[in-house]
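>>> task: produce atomic coordinates for the following.
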Amino acid sequence: MRSIVFLFLTLFTIQALAQKQVDTTQKIIPGRFNSEEAKKQPYVILISADGFRYDYAEKYHANYLLSLAHNGIWAKDGMYPSYPSITFPNHYSIATGLYPAHHGIVDNVFYDPARKEKYIIGTPSILDGSWYGGEPLWSLAEKQGMLAASLFWVGSESDAGGMRPTYYYAYHEKFSGADKAQIIKNWLSLPEDRRPHFITLYFPEVDHKGHSFGPDARQTEYAVQYIDSSIQKLTEALTPLNLPINYIFLSDHGMIAVEQKDYIPMPPIDKDKFVVVNSGTFARITALDPKDIDPLYKALCNGNHDNYKIYLAKDFPRKLHYSSREDHTRRIGDIILVPNGSKILVDVGRKTSIGKHGFDPHEIPEMKATYIAWGPAFKTSKEIRPFSNVNVYPLIAHILNLNITQPIDGKFRKLKKTLKR
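Sure thing, here's the model as predicted:
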């Protein structure tokens with residue numbers, strides 16, 4: 001009995017310590033205030049539900065979101081994520097209006113030959129602003145005298161673009177949807193000079209369940225319903241504030257189930273000569289010595305590759321904006337392997353998830369993301385055709401009356417028709 005009690009207390013102590021280590025405190029940069037011009041502008045809340053496939057709202061009867069879609073702006077057939085349709089590249093593409101090859105976050109994990117190091121999600125590298133190119137929206141706003149806040153977003157914990165948002169949190173998954181609604185209500189209840197006009201909000205639940213159980217699982221359905229309920233809580237909490245709040249609800253990518261019969265063994269690569277990052281839906285190979293690129297490329301082409309295509313990075317399809325012609329850092333790699341269809345490359349002995357994303361959204365429609373927008377700036381009851389997610393940036397900048405100061409890939413004209421003026 002003593003042993004059981006001791007074990008219980010030990011486990012309880014370990015769990016308590018683990019919980020204490022999660023930083024849930026708000027970070028506030030002091031000394032910042034809205035300019036007089038910023039105070040006159042409306043508000044934008046940019047919401048991402050990771051992995052919320054374009055058809056999930058209808059598929060799983062997310063009735064509150066559907067009512068917003070029918071009464072607002074809805075890309076019913078989806079929004080195209082940038083290639084690759086992966087979380088970090090796409091969240092940062094939405095935040096900067098740039099394709100991944102242009103802003104530098106080319107995958108969740110990648111190697112930079114010039115730095116001779118890797119960027120890896122979940123490690124301190126995500127906090128280092130020197131990895132990030134472009135001017136994220138929160139930085140753009142802050143530099144022009146408009147306060148911003150982030151309840152999580154890729155890059156928002158770093159000094160990407162030169163300025164963090166005034167209010168932000170280190171990433172964690174402890175807050176409920178109700179918690180997040182209350183935090184945003186608190187921000188928007190601040191005095192005018194301290195109230196953020198641009199806010200990012202992120203939900204991870206749908207992506208987690210889609211990976212673990214697949215897009216057709218009951219667990220994924222429950223996650224979609226949770227998001228639907230969370231958005232309702234948010235809008236109901238903010239309505240009494242009577243502020244001109246514009247909402248953009250979107251996702252970074254979709255999800256597809258991949259069966260074991262579609263697993264392709266990753267070809268053996270000499271790890272002493274090459275850095276290999278296999279994301280499953282594609283693999284990128286970087287030579288430590290550039291003279292080894294052509295011999296490996298020829299060897300791979302001479303082998304059995306019926307189930308995947310082999311590209312030199314410089315020859316990657318132009319339409320995807322993911323070649324070494326556009327990436328001057330070699331972060332994309334020198335050789336790229338792309339499975340046919342929705343097959344995946346699997347390393348020997350490595351487990352993989354049921355749900356996958358990362359494929360070309362023009363070839364695999366399940367990769368398409370959700371886009372719904374509503375609020376005083378937007379027209380009502382308008383369905384729009386699919387568009388690239390880099391176009392969200394200039395739309396938000398226009399609503400907030402911010403001047404875009406750096407070249408971007410997004411075009412305001414693509415979504416101009418969704419605004420009242």
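
>>> okay, the host helix or strand of Ser150 in CSV with CA atoms only?
If you go by DSSP states H and E, Ser150 is part of strand 148-151. C-alpha atoms of strand 148-151 as CSV (Å, rounded to 0.1, in the frame of the first residue of the first chain):
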residue,chain,number,x,y,z
ALA,A,148,-2.0,44.5,-32.2
ALA,A,149,-2.5,41.4,-30.2
SER,A,150,-1.9,37.7,-30.7
LEU,A,151,-3.6,34.7,-29.0
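
>>> quick one: the strands in the stretch 101-250 of the chain?
Under the criterion DSSP state E, counting those that start in this stretch, strands of the stretch 101-250 of the chain are mapped to 109-112, 117-120, 148-151, 167-169, 198-203, 245-250.

>>> out of the ones you listed, deepest packed?
strand 148-151 (a mean of 26; mean count of other Cβ atoms under 10 Å). Placement of C-beta: from N, CA and C, glycine included.

>>> how about Trp248, nearest residue that isn't a chain neighbour?
I think there's a mix-up here, since residue 248 is Ile and not Trp. Ala373 (4.7 Å; Cβ to Cβ, 6 or more residues apart in numbering).

>>> ok so that neighbour is a strand residue?
Yes. Under DSSP: H, G, I helix; E, B strand; the rest coil, Ala373 falls within a strand.

>>> can you list the low-confidence ranges for the stretch 101-250 of the chain?
Counting by pLDDT under 70, the stretch 101-250 of the chain contains no low-confidence range.

>>> contacts only, for the residue nearest to Thr200 when sequence neighbours are not counted.
Nearest in space to Thr200, with sequence neighbours left out and distances taken as Cβ to Cβ, 6+ apart, is Trp153 at 4.1 Å. Shown in contact with Trp153 (Cβ atoms under 8 Å, 6 or more residues apart in numbering): 46, 48, 91, 95, 138, 200, 202.

>>> make JSON lines out of the residues you listed and add distance to Pro339.
Shown next, in JSON lines, are the contacts of Trp153 (distance: Cβ to Cβ, whole Å):
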{"residue": "Leu46", "distance to Pro339": "32"}
{"residue": "Ser48", "distance to Pro339": "26"}
{"residue": "His91", "distance to Pro339": "24"}
{"residue": "Ala95", "distance to Pro339": "29"}
{"residue": "Trp138", "distance to Pro339": "36"}
{"residue": "Thr200", "distance to Pro339": "33"}
{"residue": "Tyr202", "distance to Pro339": "29"}
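
>>> and the helices in this protein?
2-20, 36-39, 56-59, 63-71, 87-96, 100-103, 137-143, 177-188, 205-213, 218-238, 293-302, 392-399 (DSSP state H).

>>> once you drop chain neighbours, what's closest to the residue most central in space within the chain?
The centre of the chain sits closest to His91, judged by Cα atoms, centre = their mean, with a distance of 2.7 Å. Once flanking residues are discounted, His91 sits nearest to Val154: 3.8 Å by Cβ to Cβ, 6+ apart.
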